[in-house]
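**Student:** let's see this in three dimensions:
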Amino acid sequence: MGFIYVLLAAAVLFVFFAILTSILTIWFRNKAMRIISLVFTVFAFIVYIILVVNLDGADEIFGISADKLFFFPVAIPLYLQSYFAMQSATKTFARKLFFSLASLIIVRLLSVIIGTAADVLYKNSLDEIALALWKVNSYVFFPLLFAGISYVFAKIFHPDLKVFKELVIKTLIVLAVISVADELLTMLVMYTKFKEFIVYDLYTYPLIVVISLFQIVVGSLLGLYLYKNKHDNISV
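**Tutor:** As a prediction, the model looks like this:
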């Protein structure tokens, strides 16, 4: 446990300076400050990975899973660094890549928040409320989040695109990449915690695919519909 405490202390230190220097980067817009914030962010993320690998699934802080609790502060500088990289990238593909990474961090953050809340409900024998929360997350929160991502994606990368169908196709590709990456990260985190892959039954895999498709399709259409309403020159 001594090693874990040292890691936690290092994590707190690196995260604090990563957040502080990232905020200062926004304030001063200084290249040197950005490099410093990037270094602290990388160190914080490395320590987070080491913690996830070494922590047991039962390790908790304040009654919350340690890996979930630590992800909250780490997500802030990770998101800001992705945003900085997107802003400074010169090629469209690189900008879309960093936009997708920033969006993925937000998606992971929502998943961790819902997972943490559900864990608390399960511990208090509120299983039905926890299950209801997961359903609301799958059918309401995620589609709304994807709608927001779709809107921002269209506004940043395709403000001059006039055909609605083309916007939908381009957005669906980005959302699909984010959704698949989120599922793969979830599987990877579960494996590092429990040292084995969780194998679902044949019914669960198609259900995951259907729910994911529902989320990205509804999110894309909703976000782009709102975008279209603000840009009357877009045709169907």
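
**Student:** by mean pLDDT, flag the weakest helix or strand of the chain.
**Tutor:** strand 60-61 (a mean of 66; mean pLDDT, DSSP states H and E).

**Student:** what packs against the next helix-or-strand element following that one?
**Tutor:** Per DSSP states H and E, strand 60-61 leads on to strand 64-65 as the next helix or strand towards the C-terminus. With contacts taken as 3 or more Cβ pairs under 8 Å, 6 or more residues apart in numbering; DSSP states H and E, strand 64-65 sits against helix 92-123. C-beta here means a position set from N, CA and C on the backbone, and glycine is covered the same way.

**Student:** give the buried residues for the helix it packs on.
**Tutor:** Within helix 92-123, the residues that count as buried by 16 or more other Cβ atoms under 10 Å are 95-112, 114-119, 121.

**Student:** how about stretch 20-30?
**Tutor:** Buried residues in stretch 20-30 (16+ other Cβ under 10 Å): T21, S22, T25.

**Student:** restricted to helices, list the residues you listed.
**Tutor:** T21, S22, T25 (DSSP state H).

**Student:** what's the closest of these to Y79?
**Tutor:** S22 (8.9 Å; Cβ to Cβ).

**Student:** against V39, how distant is that closest one?
**Tutor:** To V39, S22 is 11 Å away according to Cβ to Cβ, to the nearest Å.

**Student:** cool, T90 as well?
**Tutor:** For T90, the distance to V39 - Cβ to Cβ - is 23 Å.
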